[in-house]
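> I'll drop the sequence and a predicted model, then ask my questions.
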Amino acid sequence: MSIKVFVDGSEGTTGLQIHERLGGRSDVDLITIDPERRKDATARAECLNAADVAFLCLPDVAAREAAALVANPATVLIDASTAHRVDPAWAYGLPELGVAYRGRIRISNRIAVTGCHAAAFLLGVRPLVDAGIIPTRQHLTCFSLTGYSGGGKKMIAEYEANGSARGRLACPRPYALGLTHKHLPEMKTHGGLEHPPVFNPVVGAFYKGLAVTLPLALETLPGNPQPSDLHDVLAKAYAGERFVRVLSLGDETVLDNGFLDVQACNDTNRADVMVFGHGAQAVVVVRLDNLGKGASGAAIQCMNLRLGLDEAVGLAD
């Protein structure tokens, strides 16, 4: 029997990707809405309540409104907005964070997909917090380099109007300099931290691909751990995970003359976790496709898990 799926907000970047990924699956029957009625609450409610799974690819306010339209107790909502990521009533859609996260996704009808920056940050940080290498009270800093597709349709149009590397758009552009980025609450909550990190994202003149870098002064951490200690914890945490690959410690073969390709996970649902450094300092770097593991791929992985399917169905690793 086909899975009835409705994508509310299929015109946006994430919604389009989900629609495209699911459109080729023989086990999915996509529910469509009359384009002229896509903002009609009654029409949307009909589609939402007819669905086995509904993806919310909407701004936060609209996502909350959509969730309130669902009266069918069997409808599984998977929200790609930031509206519910720290809501305790919603499962958090990053199963690789541990048995409890994967288990909750499997039984929940309300699942909040991770933010792209947050997914990379958490994959690098949470195992180190759980192992006690990073204390929960630690003040962390990190930065992220990401493609412009993460900014949505308006930013994509701006970069692509006259080519993606012209004038002021040619250089990497730091943003969210007010230090109130919308991913910070989930980075703190699901990172098991008492304080949000000081987070500096940077957008570059390329379509997609993302890498979050976490610098660590090892002598400030309990027991003065070595880079190998960090790597051992991360390798153990993700052993057997299909979509998280921990690369060899300090492996320069993954670099191009010393430079890291942040686009190497594009068109996959994979995240690469890397540790570089020496006795006093280390960096943990996590890269992924911001539209894949950072958005639509993660959403579909959550759907697969919730429905008892192989979580890799329709996803590339």
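Happy to help now that I have it.
> and for Glu20, the neighbour number?
Glu20 has 11 neighbouring residues, counting by other CB atoms under 10 Å. For the C-beta atoms, the positions are set from N, CA and C on the backbone; glycine is no exception.
> confirm that it sits in a helix.
Yes: checked against DSSP: H, G, I helix; E, B strand; the rest coil, Glu20 lies within a helix.
> what ranges do the helices span in the protein?
Residue ranges of the helices in the chain, as given by DSSP state H, are 13-23, 41-50, 60-69, 99-107, 116-130, 152-160, 184-191, 227-237, 297-306.
> now the last one - C-alpha only, PDB.
By that I understand helix 297-306. Written as PDB, here are the backbone C-alpha positions of helix 297-306 (Å, rounded to 0.1, in the frame of the first residue of the first chain):
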ATOM      1  CA  GLY A 297      17.500  14.200   3.200                       C
ATOM      2  CA  ALA A 298      17.200  14.300   7.000                       C
ATOM      3  CA  ALA A 299      13.500  14.800   6.700                       C
ATOM      4  CA  ILE A 300      13.100  11.700   4.500                       C
ATOM      5  CA  GLN A 301      15.400   9.700   6.800                       C
ATOM      6  CA  CYS A 302      13.000  10.500   9.600                       C
ATOM      7  CA  MET A 303      10.000   9.500   7.600                       C
ATOM      8  CA  ASN A 304      11.700   6.200   6.800                       C
ATOM      9  CA  LEU A 305      12.500   5.500  10.400                       C
ATOM     10  CA  ARG A 306       9.000   6.500  11.600                       C
END
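> average pLDDT for that helix?
Per-residue pLDDT values over helix 297-306 give a mean of 98.
> again, but for the fifth one
If you average the pLDDT over helix 116-130, you get 98.
> got it, and the first one?
Along helix 13-23, the predicted confidence averages to a pLDDT of 92.
> give me the contact list for that helix.
5, 7-10, 28, 30, 55, 57, 80, 149, 152-153, 156, 291, 295-297, 299-300, 314-315 (CB atoms under 8 Å, 6 or more residues apart in numbering).
> narrow the residues you listed to just the buried residues.
By neighbour count, with 16 or more other CB atoms under 10 Å, those hold 5, 7-10, 28, 30, 55, 57, 80, 149, 156, 291, 295-297, 299-300, 314-315 as buried.
> my read: Ala45 touches Leu69, true?
Yes: with contact defined as CB atoms under 8 Å, Ala45 reaches Leu69; the gap is 4.2 Å.
> for Arg64, see how far away Leu123 is.
Distance, Leu123 to Arg64, by CB to CB, to the nearest Å: 27 Å.
> between these two, which is the more surrounded one?
Leu123 (28 against 16).
> give the contact list for that one.
94, 96-97, 238, 244, 271, 273, 286.
> and if we set it to 7 Å?
96, 244, 271, 273, 286 (CB atoms under 7 Å, 6 or more residues apart in numbering).
> and those, which two are furthest apart?
By the measure CB to CB, Glu96 and Val286 form the most distant pair in the contacts of Leu123, at 11.0 Å.
> how many residues are close by Ser2?
Ser2 has 11 nearby residues by other CB under 10 Å.
> any idea how far it lies from Met155?
Here Ser2 is placed at a distance of 35 Å from Met155 (CB to CB).
> before we move on, back to that, as a markdown table, the contacts of Leu123 with pLDDT and neighbour count would be great.
A markdown table is the format used below for the contacts of Leu123 (pLDDT from 0 to 100; neighbours: other CB atoms under 10 Å):
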| residue | pLDDT | neighbour count |
| --- | --- | --- |
| Glu96 | 98 | 22 |
| Val244 | 98 | 22 |
| Ala271 | 98 | 28 |
| Val273 | 98 | 24 |
| Val286 | 98 | 28 |
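> in strands only, show me these.
Those of these mapping onto strands are 244, 271, 273, 286, per DSSP state E.
> pull the contacting residues for the first one.
Neighbour list for Val244: 96, 123, 238, 271, 273 [criterion: CB under 7 Å, 6+ apart].
> please name the bridge partners of the residue nearest to the third one when sequence neighbours are not counted.
Read it as Tyr238. Using CB to CB, 6 or more residues apart in numbering and skipping the chain neighbours, the partner closest in space to Tyr238 is Val244 (4.2 Å). Taking DSSP bridges as the rule, Val244 bridges to Ala271.
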